[in-house]
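Participant: coords please:
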Amino acid sequence: VLSEKLPELLDFPKDLASLELAAKVQLKSLAEEMQAINKGLEKVEQELTISENDGPVSEIFCKTLKGFLSGAEAEVRALTSLYSNVGRNADALALYFGEDPARCPFEQVVTTLHNFVKLFTRSHEENCKQLDLEKKKAQKEAEPEKAKGESENEKDELSHPIKELDISLQSQPQTASAK
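Facilitator: Just a heads-up that it's a prediction; the model follows:
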């Protein structure tokens, strides 16, 4: 039906090419990694606070740690923002396909979509093969009929001169000896 009515939709698997990779993403693992990164950052901040109390012995260490911490905090904020966007987009994807994000995890939605795309592609390929087979079968069936039709035409062409010859013989005036 799609190939007949909306053939432009047959290319939709190309738009979802990253589904296989997305199916491998575990949001729970990402959440655990985010927590580990935040805890690590908190430990660095605690280490900085402790080292500031050490006095002049830790001045270089404190200065280096402050430089690292300012860059790391910016990176963690950006990463946290990305993670939040991933979570919102995962929920939006589940809702778009009529699933409750609380009951149907992202991984399940993406895996289901990936399986659908694979089955759709396989089905479309099978339909194309079936159509080709039907066309070839129709051509093979048409060839003997075409050959049969051509041989009948040849017979007709050959019989016309004979009929004309018969007609011309019958229409000739009979001679006296023939009477």
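
Participant: got any ranges where the protein has weak pLDDT?
Facilitator: 145-179 (pLDDT under 70).

Participant: quick one, helices of it?
Facilitator: 2-5, 12-15, 19-23, 27-52, 59-96, 106-171 (DSSP state H).

Participant: Other residues contacting stretch 48-62?
Facilitator: Outside stretch 48-62, the residues within contact range by C-beta atoms under 8 Å, 6 or more residues apart in numbering are Leu65, Lys66, Leu69. C-beta coordinates here come from the backbone N, C-alpha and C atoms, glycine included.

Participant: What residues sit buried inside it?
Facilitator: Leu48, Ser51, Ser58, Cys62 (16 or more other C-beta atoms under 10 Å).

Participant: Out of the contacts of stretch 48-62, who's the most crowded?
Facilitator: Neighbour counts for these peak at Leu65, which has 18 neighbours (criterion: other C-beta atoms under 10 Å).

Participant: right, and it touches Glu47 too?
Facilitator: Yes: using C-beta atoms under 8 Å, Leu65 is in contact with Glu47, at 6.8 Å.

Participant: ok, back up a step: any idea which of the helices of the chain is most buried?
Facilitator: Mean neighbours per residue, mean count of other C-beta atoms under 10 Å, is largest over the helices of the chain for helix 19-23, with a mean of 15.

Participant: Please give me every residue in contact with the nearest residue to Leu93 once chain neighbours are set aside.
Facilitator: Excluding its sequence neighbours, the residue lying closest to Leu93 (C-beta to C-beta, 6 or more residues apart in numbering) is Val109, at 6.0 Å. Listed by C-beta under 8 Å, 6+ apart, the contact set of Val109 reads Ala90, Leu93, Ala94, Phe97, Glu99.

Participant: ok, now how distant is the second one from Thr121?
Facilitator: Think Leu93. From Leu93 across to Thr121, the span is 20 Å (C-beta to C-beta, to the nearest Å).
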